[in-house]
Each structure stands twice: as structure tokens, then as C-alpha cells.
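heads up, no residue letters with this:
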């Protein structure tokens with residue numbers, strides 16, 4: 001099966017990114033502050049904790065942006081606030097012609113936005129649809145794949161939209177891509193990038209919005225209440241996730257590559273094929289020779305595999321996760337669930353995953 005996973009940065013590139021993050025941290029935090037858990041409350045003049053503001057500045061600099069803001073509601077909250085910063089009820093929004101990620105769909109529907117779909121894999125179609133709809137106000141572009149055949153380049157899609165209509169504000173959903181790929185949306189020309197800090201080993205419930213200061217300031221003005229502020233200890237958790245995630249995720253990518261080679265070489269005869277996809281995170285998909293995937297997945301937890309996601313790459317997930325293929329993939333082809341398994345190595349090595357698969361498949365065949 002032909003797939004088009006995103007290109008992951010190398011381990012050396014991940015190390016360099018970690019060094020860049022630490023260098024940036026030392027420009028905003030002194031040697032006492034880096035050992036603090038952070039402050040609380042709405043500091044006079046900031047209306048947020050001091051440490052939260054410092055962490056936001058680090059995020060902005062690391063991703064080459066004008067500004068950044070930590071928000072409640074994880075990645076979903078970041079996307080929602082990003083859209084609110086430049087869209088109004090009834091405005092047209094351009095999206096990929098594919099199943100919209102469920103939580104993003106809720107935001108779009110509750111905001112009363114009018115969806116205009118186009119195939120992001122076809123740049124000429126983008127030009128045509130944008131020119132035919134001059135009243136499109138914004139666009140939501142997902143960095144990772146929404147369906148198996150997706151092959152679009154994020155920067156090409158953004159630049160094509162911008163060239164046809166520079167007045168369209170673009171926000172990218174960079175969940176499962178940030179710190180794994182060379183560039184996220186704002187680094188490719190989008191006004192805003194958004195992702196969950198939970199996806200980069202940070203705290204649950206906290207999202208980050210990165211990009212144009214004007215739009216970030218708008219979000220800040222709408223989040224003025226004390227209860228809306230991300231507290232200093234949460235911001236410091238997000239910072240630690242930002243620091244430790246790149247190398248950890250690069251090792252995970254290496255394990256994925258090793259697994260593809262070993263499984264394609266027939267190390268487990270019952271596996272027909274193995275390939276990498278972004279669904280939504282970059283994971284290994286194995287296709288079995290028999291339709292026993294659901295039975296195998298009932299057994300894998302007995303051998304130590306995580307039975308379900310927590311945040312799909314959260315700080316809690318160190319054991320390999322073996323799970324059914326993603327909802328967007330099932331929506332495109334419901335039969336995939338019976339013969340395919342999604343595997344995320346998390347912090348494990350290839351030998352552990354192959355051992356668990358062999359044992360579970362043998363038990364399922366009995």
C-alpha cells in the first residue's frame with residue numbers, strides 16, 4: 001500500500017533542536033527560576049502568571065513566531081481560539097476534502113462556519129476553488145494526514161492559498177507534527193499554528209497558539225479572566241515537555257523505521273505488510289494475512305501493550321500502544337479495522353513490539 005508519511009527530523013536534528021530550546025530558555029529565565037515550579041495568579045500588569053508569559057516567549061522564539069499564548073482546552077482549545085481570532089459566524093472556511101477531525105468539526109459547526117472543501121493534494125483545484133470563492137475568510141489546514149492517499153506538502157498548500165488570496169487567514173493543526181518535522185504551519189506562512197502540549201510530553205488540558213501578534217493579542221483579550229489563565233506550574237510542565245520531546249520523538253521515529261524493515265522482511269509470517277502513516281501521529285500500520293486484527297488487539301494488553309490511548313503520545317504513554325486504525329481512516333474504509341493494527345512504539349524498542357505481536361497473533365490463531 002502506498003502511503004505518504006511526513007518526513008521526520010533526524011536524531012541529530014532533534015538534538016540540535018533541544019539545544020536551541022535550552023539556549024532560548026536561558027535568555028528568559030535565570031538560574032533560580034529554571035528550578036522553580038512557577039507562580040500563580042494574575043500578576044498586575046500581565047493578568048497572568050509571570051512564568052506563563054516567560055514560557056510563551058520561549059515557544060514563540062523556538063518556532064520563529066511573533067507571539068504565542070498558552071490556552072485551556074488542549075489542541076482543540078487552541079484551534080477554537082485561533083479560529084475565533086479571525087472568523088465570525090457565517091464566514092466561509094476552506095478545509096481539505098476529507099473527514100474533518102471530530103473535535104475540529106465540533107468547533108466549526110458550533111461557530112456556524114460555512115465549510116468549503118477542496119482536495120489539498122491538488123494545487124490547481126485549490127487555485128480554482130479559492131478564485132471562485134473570494135469571500136473565504138479563513139482556512140484550517142491539518143499538518144498530518146487525514147486519509148491514506150494524502151500526499152500534500154503543507155508549505156505548498158499554504159503558499160498556494162496565499163498566492164490566490166492573501167487575505168485568507170490560515171491556521172494549521174500541528175498536533176502530532178510539532179517537534180517531529182522541520183517546520184510547522186506558522187513557519188510555512190500560516191498566520192497561526194496550534195497544537196496540544198499534551199502531545200509533546202506536557203500537561204493535560206493545555207494548548208499552545210503560535211503566530212501573528214495581532215491575532216494572539218486578540219485571543220489574550222478574550223481570555224482575560226483569572227480562571228482562564230494557564231498557571232505557572234502548568235507552563236513550566238509545558239516547557240519541560242518542549243525540551244524533552246524532540247529527542248524522544250526522534251528515537252520513536254527510528255524504531256518505526258526499523259520495524260517496517262524487519263516486518264517487511266517476514267519476521268512475523270502472519271503479517272502481510274507494514275508501512276508508516278500519519279494517522280494522526282506517525283505510526284506503524286501492520287496488515288495481517290487474516291481478518292483477526294480485533295482478536296489480536298484483545299490479547300496484546302496481556303503482553304504489556306497499552307490497550308488504549310491517553311493523549312496519543314502523552315507523558316503517561318511509555319509502553320507501546322497497539323490499537324485500531326484511526327477514526328478518520330475507518331471513515332474512509334471501514335474494512336481496515338478487521339485486518340489492520342495501528343502501533344505506536346512510544347518509548348519501547350522494536351524487539352519488544354515484535355515479541356508482543358508474535359505472542360498475541362499465536363494466541364489469536366488458537
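Arrived safely. What you see is a predicted model, and the numbers here were worked out from it, not measured in a lab. Residues are numbered from 1 along each chain as shown.

Packing partners of the helix or strand where residue 53 lies?
Using DSSP states H and E, residue 53 maps to helix 50-62. In this structure, helix 50-62 packs against helix 11-28, strand 67-72, strand 206-211, helix 232-264, with contacts taken as 3 or more Cβ pairs under 8 Å, 6 or more residues apart in numbering; DSSP states H and E. To be clear about C-beta, it is placed using only N, CA and C from the backbone, and glycine gets the same treatment.

what does that helix contact?
With contacts defined as Cβ atoms under 8 Å, 6 or more residues apart in numbering, helix 50-62 is touched by 17, 20-21, 24-25, 27-29, 33, 36, 38-39, 43, 46, 65-70, 208, 210, 229-236, 238-239, 242.

quick one, which of the helices and strands packed on helix 50-62 is nearest to residue 176?
For residue 176, the closest of the helices and strands packed on helix 50-62 is helix 232-264, at 9.6 Å, according to Cβ to Cβ.

May I see the buried residues of the closest one?
For helix 232-264, a neighbour-count test (16 or more other Cβ atoms under 10 Å) marks 232-250, 252-253, 255-256, 258-260, 262-263 as buried.

And stretch 11-23, by the same measure?
Neighbour-count burial for stretch 11-23 [16+ other Cβ under 10 Å]: 14, 17, 18, 21.

could you give me the average pLDDT of it?
In this model, stretch 11-23 carries a mean pLDDT of 98.

Can you give the distance from that stretch to the centre of its chain?
19 Å (Cα atoms, centre = their mean, to the nearest Å).

part of a helix, is residue 77?
Yes - Residue 77 sits within a helix when classified using DSSP: H, G, I helix; E, B strand; the rest coil.

Would you confirm that it contacts residue 207?
Yes - look at residue 77 against residue 207 with Cβ atoms under 8 Å: they come within range, at 4.7 Å.

Quick check: closest non-adjacent residue to residue 26.
residue 34 (7.9 Å; Cβ to Cβ, 6 or more residues apart in numbering).

what do you get for residue 264?
residue 274 (5.6 Å).

what angle separates the strand or helix carrying the one you found from helix 232-264?
Taking DSSP H and E as the criterion, residue 274 maps to strand 271-278. If you take axes from the mean of the first three to the mean of the last three Cα atoms, to 10 degrees, strand 271-278 sits at 150 degrees to helix 232-264.

Would you mark the buried spots in strand 271-278?
Here strand 271-278 shows 271, 272, 274, 275, 276, 277, 278 as buried, counting by 16+ other Cβ under 10 Å.

State the distance from the fifth one to residue 190.
Pointing back at residue 276 there. As defined by Cβ to Cβ, to the nearest Å, residue 276 lies at a distance of 25 Å from residue 190.

Residue 338 contacts residue 294, doesn't it?
Yes - counting by Cβ under 8 Å, residue 294 is a contact partner of residue 338 at 6.5 Å.

Next, show the common contact partners of these two.
If you check residue 338 and residue 294 against Cβ under 8 Å, 6+ apart, no residue is contacted by both.

just checking, what packs against the one helix or strand residue 286 maps to?
Per DSSP H and E: residue 286 is located in strand 282-288. Here strand 282-288 touches helix 232-264, strand 271-278, strand 340-344, going by 3+ Cβ pairs under 8 Å, 6+ apart.

With mean pLDDT and distance to residue 8 added, can I get those in a markdown table?
Output for the helices and strands packed on strand 282-288, formatted as a markdown table (pLDDT from 0 to 100; distance: least, Cβ to Cβ, whole Å):
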| stretch | mean pLDDT | distance to residue 8 |
| --- | --- | --- |
| helix 232-264 | 97 | 4 |
| strand 271-278 | 90 | 9 |
| strand 340-344 | 93 | 13 |
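
now the ones you listed as JSON lines including distance to residue 320?
Formatted as JSON lines, the helices and strands packed on strand 282-288 follow (distance: least, Cβ to Cβ, whole Å):
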{"stretch": "helix 232-264", "distance to residue 320": "9"}
{"stretch": "strand 271-278", "distance to residue 320": "14"}
{"stretch": "strand 340-344", "distance to residue 320": "6"}
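
Identify whichever of these lies nearest to residue 143.
strand 271-278 (8.4 Å).

residues making contact with that closest one?
Taking Cβ under 8 Å, 6+ apart as the rule, strand 271-278 contacts 1, 3, 5-6, 144-145, 148, 176-177, 256-257, 259-260, 263-264, 282-289, 329, 357, 361.

Each with direction, which strands does that strand pair with?
strand 282-288 (antiparallel) (DSSP bridges).

Find the least confident helix or strand in the protein, judged by mean pLDDT.
Lowest on mean pLDDT, DSSP states H and E among the helices and strands of the chain sits helix 327-332, with a mean of 66.

thinking residue 121 is in contact with residue 150, fair?
Yes - Residue 121 is within contact range of residue 150, at 6.2 Å (criterion: Cβ under 8 Å).

ok, those two, which is more surrounded?
residue 150 (21 against 18; other Cβ atoms under 10 Å).

Run through the residues that contact the closest residue to residue 8 other than its chain neighbours.
Spatial nearest neighbour of residue 8, excluding adjacent residues (Cβ to Cβ, 6+ apart): residue 253 at 4.1 Å. Residue 253 sits next to 8, 180, 282 when contact means Cβ under 8 Å, 6+ apart.

Understood, closing this out.
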